[in-house]
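Asker: Here is a sequence together with a model predicted from it:
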Amino acid sequence: MRKSGDKNFLKFVFIASAVFLLSTNFPCPPPFRPDTPPLLGILHQREYSECSQFFSAGYTLFVFPYKSENWQIVIDMEMMSFEYGKKWEWGKGNAVEVYLPIYYTYAGFMDSFVLKYHEFLGISPGPREVRPKNAFAYQVLGPQGVVQEASSGLGLGDMEVRVLLPIKRAAQLPLSFALSADLPTGSEKFGFSNGRTDWGLSLFGRNAQPDFHWGWSISRFFPSSFGNVRRISLRDFTSITLYGQIRQKWIRTQGKSAPLYLQFRWFESPFQASGISAWDRNTLELFMGVSLYHKGVPWFFGFSEDLAGGLTPDISFLLSTQWE
Ligand SMILES: [Ca+2]
C-alpha cells in the first residue's frame, strides 16, 4: 500500500474485517519470519510459537526502484520461500529451535494482475508502474560502487538457531527470553546471505484468554553486514510486534473453531542513511491469517501488507502447517 492515503487504508480495514467474518481451539500460530528481499540474509523478527515443528511456503512480491544523490537501488522480483523449523524442549520451557529456509527468486508473473487490482481499488500503483512488467532486477549501488548484485535463482538461506529461556512461568502473562543467531549457510550469489553470523536478543510476552490470545515481542538485532560485492556495515535495529488471535464461534471446521490472527510489526531499517527514505526509514506491516483444520491437520493461511512503504514486501502470502 505504498503511497496510499487514509481512504485506501480504510478500504484495507474493510477487507480485513470481511476476512475476520469468515474466520472461527487455538492451534499455535506458526513461528513465521516475514521475509523481504533486502533483508533475506539479515536476521530479523521471528514470532514466538508453541509449535514443535512447522513447514511453510510463502510467495512475496517486491518492487523497489529508487535513487538518491549517492545511491541507486533497483530490486524487482517475485519470490517463493519454503521453510522447515523444529523445536527441541527440555526442562520447564527451555527450548532450542532451528529454522532452515530455501528461496527461489525470479521475474514473476503477477505485475499486470497487481496493477489491475490497484486500479480496481483506486490505490496508487506505486513504483511498479515505472518498471518493465515481470522483470527481475537486484542491484544496490552505493557511493563507492556496487554493494549487492544478485541473479535470480534457487538456493539455501541462512539457518537461524534460537535458544528460548523462560523468565516467568506464570499461567498468565508468561515471559520468555531468546538469543538468536543467523548462520551464513545461504547463497550470497542470489542475495540470500550476508556471509557472516548475525545476532539477536528478544523478549516475548503472551496471554491466553478463552476466546482471545494476544502477545507481544521486542527484539534488538545485531547484523554483521550487507553486500555480496562490497560489504557495508549495518546499524543495530529494534523490532516490535503485537498480535492477537480472536476466536469466533459460528464457523467451525471439524468441530474446532478457527481463529483469526492479526499482527502489527514495526521495525527500524538496518541501513545507514542513503538519502532514499523508503530504504532508511522505520516501517510498519500488517499480517493477517486464519487457522483452519483439514482432516485433523492445522493449516494457517495469511498475508501481509505494508502500511508505511519501505523494506516490507508489497504483499506476501504464507501457507503453513504445524505440529503442536
Ligand atoms: Ca545472515
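Answerer: Sure thing, it's come through.

Asker: what does the stretch 1-150 of the chain put close to the ion?
Answerer: Proximity of the stretch 1-150 of the chain to the ion, by C-beta under 5 Å from the ion, involves residues residue 41. For every residue, glycine as well, the C-beta is placed using N, CA and C.

Asker: where do the strands sit along the stretch 1-150 of the chain?
Answerer: According to DSSP state E, counting those that start in this stretch, the stretch 1-150 of the chain carries its strands in the segments 53-67, 72-90, 94-106, 137-142, 145-149.

Asker: so can I have TSV of those showing mean pLDDT?
Answerer: Below are these laid out as TSV (pLDDT from 0 to 100):
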stretch	mean pLDDT
strand 53-67	93
strand 72-90	95
strand 94-106	96
strand 137-142	96
strand 145-149	96
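
Asker: could you dump those to CSV with mean neighbour count?
Answerer: Supplementary listing: the strands of the stretch 1-150 of the chain in CSV, determined by neighbours: other C-beta atoms under 10 Å:
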stretch, mean neighbour count
strand 53-67, 20
strand 72-90, 18
strand 94-106, 19
strand 137-142, 20
strand 145-149, 16
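
Asker: Can you say which of those is nearest to residue 295?
Answerer: The minimum distance between residue 295 and those falls on strand 53-67, with 16.0 Å, by C-beta to C-beta.

Asker: so what strands line up beside the closest one?
Answerer: Sheet partners assigned to strand 53-67 using DSSP bridges are listed as strand 72-90 (antiparallel), strand 315-323 (antiparallel).

Asker: coming back round to it: which of the strands of the stretch 1-150 of the chain sits closest to residue 119?
Answerer: With C-beta to C-beta, the closest approach to residue 119 among the strands of the stretch 1-150 of the chain belongs to strand 53-67: 15.9 Å.

Asker: Could I have the CA atoms of the closest one written out in PDB?
Answerer: Taking Å, rounded to 0.1, in the frame of the first residue of the first chain, the C-alpha atoms of strand 53-67 are listed here in PDB:
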ATOM      1  CA  GLN A  53       7.600 -28.300  14.100                       C
ATOM      2  CA  PHE A  54       6.400 -26.300  11.200                       C
ATOM      3  CA  PHE A  55       6.700 -26.100   7.400                       C
ATOM      4  CA  SER A  56       5.700 -23.100   5.500                       C
ATOM      5  CA  ALA A  57       5.500 -21.900   1.900                       C
ATOM      6  CA  GLY A  58       5.400 -18.300   1.000                       C
ATOM      7  CA  TYR A  59       5.000 -16.000  -2.000                       C
ATOM      8  CA  THR A  60       6.300 -12.500  -2.000                       C
ATOM      9  CA  LEU A  61       6.100  -9.500  -4.300                       C
ATOM     10  CA  PHE A  62       8.600  -6.800  -4.100                       C
ATOM     11  CA  VAL A  63       9.400  -3.800  -6.300                       C
ATOM     12  CA  PHE A  64      11.800  -1.100  -5.100                       C
ATOM     13  CA  PRO A  65      13.300   1.300  -7.700                       C
ATOM     14  CA  TYR A  66      14.700   4.400  -6.000                       C
ATOM     15  CA  LYS A  67      17.700   6.600  -6.200                       C
END
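
Asker: Tell me which helix or strand residue 293 sits in.
Answerer: With secondary structure defined by DSSP states H and E, residue 293 is part of strand 283-294.

Asker: show me where pLDDT drops low in the chain?
Answerer: When the per-residue scores of the chain are filtered using pLDDT under 70, the ranges that remain are 1-27, 248-257, 324.

Asker: Mind telling me which residue is nearest the centre of it?
Answerer: Centre of the chain computed as the mean C-alpha position; nearest residue by C-alpha atoms, centre = their mean is residue 34, 1.1 Å away.

Asker: which ones are touching that residue?
Answerer: For residue 34, the contact set (C-beta atoms under 8 Å, 6 or more residues apart in numbering) comprises 45, 265, 285, 287, 304, 312-313, 316, 318.

Asker: Residue 97 against residue 83, yeah?
Answerer: No - assessed by C-beta atoms under 8 Å, residue 97 is found out of contact with residue 83, at 11.8 Å.

Asker: What ranges does the stretch 201-324 of the chain have for its strands?
Answerer: With DSSP E, counting those that start in this stretch as the definition, the stretch 201-324 of the chain shows strands at residue ranges 212-222, 237-246, 252-253, 256-257, 260-267, 283-294, 297-306, 315-323.

Asker: follow-up on the earlier one: ok, which of the strands of the stretch 1-150 of the chain comes nearest residue 190?
Answerer: Closest approach to residue 190 among the strands of the stretch 1-150 of the chain (C-beta to C-beta): strand 94-106, 6.3 Å.
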